[in-house]
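Novice: let me see the structure of the following:
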Amino acid sequence: MARERTQSVGPVLLGLLFRGPRHGYELHQEFTDSLGAVWQVGLSQLYAQLKALEDEGLVACQTEVQPNRPPRKVYSLTDLGRERFLEWLHEPTPHIRGIRLEFLSRLFLFNRLGLPGLRDLIDRQKALCQARAESLSRLANEAEDPFLRLVYEFRRGQVEAVIHWLDACVEPS
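Specialist: Numbering: from 1, shown residues only. You can find the predicted model right below:
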């Protein structure tokens, strides 16, 4: 099994730039106001991520001169950044522990940007979770060690709770 990749705020920043250019502090403010209950990101972490996105060619940066103030950097999404963001947005979160950050961020961005495809994403996420729950159930049934059986049953319970929550995501509010 492949090792889980580190969760990055990069795709979320691409999503926040989807509707237009913003300077770093403005992005941080929007991130904090909108996703602060989901994901805590410091200003220095955000600027480091913007630099990495710029190095990858996913965002472009222009320096904007301000009267009586230091110049500020304004970031905008490149075509490649737009493409990568949409790919990320439509892929299910591969690991259950990523639901809390990545999937909630996807859910937020689908709603914020009014993009189509959320129901399909939820269905694919649910299918992935159901397959994982079945796998954990088999592992629990096959485990000879009582502690391992408890671990697999606990993890299966977590996955089943996510499945139940995903059902609530598609119900009309």
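
Novice: do a quick rundown of the helices in the chain.
Specialist: Per DSSP state H, the chain carries helices over the ranges 10-16, 24-35, 43-55, 79-90, 104-113, 118-142, 146-170.

Novice: what residue ranges in this structure score low on pLDDT?
Specialist: 1-6, 171-173 (pLDDT under 70).

Novice: relative to the whole chain's centre, how far out is stretch 7-17?
Specialist: In terms of CA atoms, centre = their mean, to the nearest Å, the centre of stretch 7-17 is set 8 Å apart from its chain centre.

Novice: I misspoke; the intended subject was stretch 113-132.
Specialist: Stretch 113-132 sits 13 Å away from the centroid of its parent chain (CA atoms, centre = their mean).

Novice: before we move on, what about stretch 63-74?
Specialist: So, by CA atoms, centre = their mean, the centroid of stretch 63-74 is 31 Å from its chain's centroid.

Novice: coming back round to it: of all the helices of the chain, which lies closest to P70?
Specialist: Closest approach to P70 among the helices of the chain is made by helix 24-35 (11.8 Å; CB to CB). Quick note: C-beta positions are derived from backbone N, CA and C, even for glycine.

Novice: the closest one to helix 43-55, inter-axis angle?
Specialist: Per axes from the mean of the first three to the mean of the last three CA atoms, to 10 degrees, the angle that helix 24-35 makes with helix 43-55 is 110 degrees.

Novice: how far out from the middle of the chain is helix 24-35?
Specialist: The chain centroid and the centroid of helix 24-35 are separated by 15 Å under CA atoms, centre = their mean.

Novice: got the angle between that helix and helix 104-113?
Specialist: For helix 24-35 against helix 104-113, the angle by the same axes, to 10 degrees is 100 degrees.

Novice: can you pull the buried residues of helix 24-35?
Specialist: By neighbour count on 16 or more other CB atoms under 10 Å, the buried set for helix 24-35 is 24, 27-28, 31-32, 34-35.

Novice: pull the contacting residues for the residue nearest to the spatial centre of the chain.
Specialist: Most central in the chain under CA atoms, centre = their mean is E102, positioned 2.4 Å from the mean C-alpha point. Going by CB atoms under 8 Å, 6 or more residues apart in numbering, E102 touches 7, 93.
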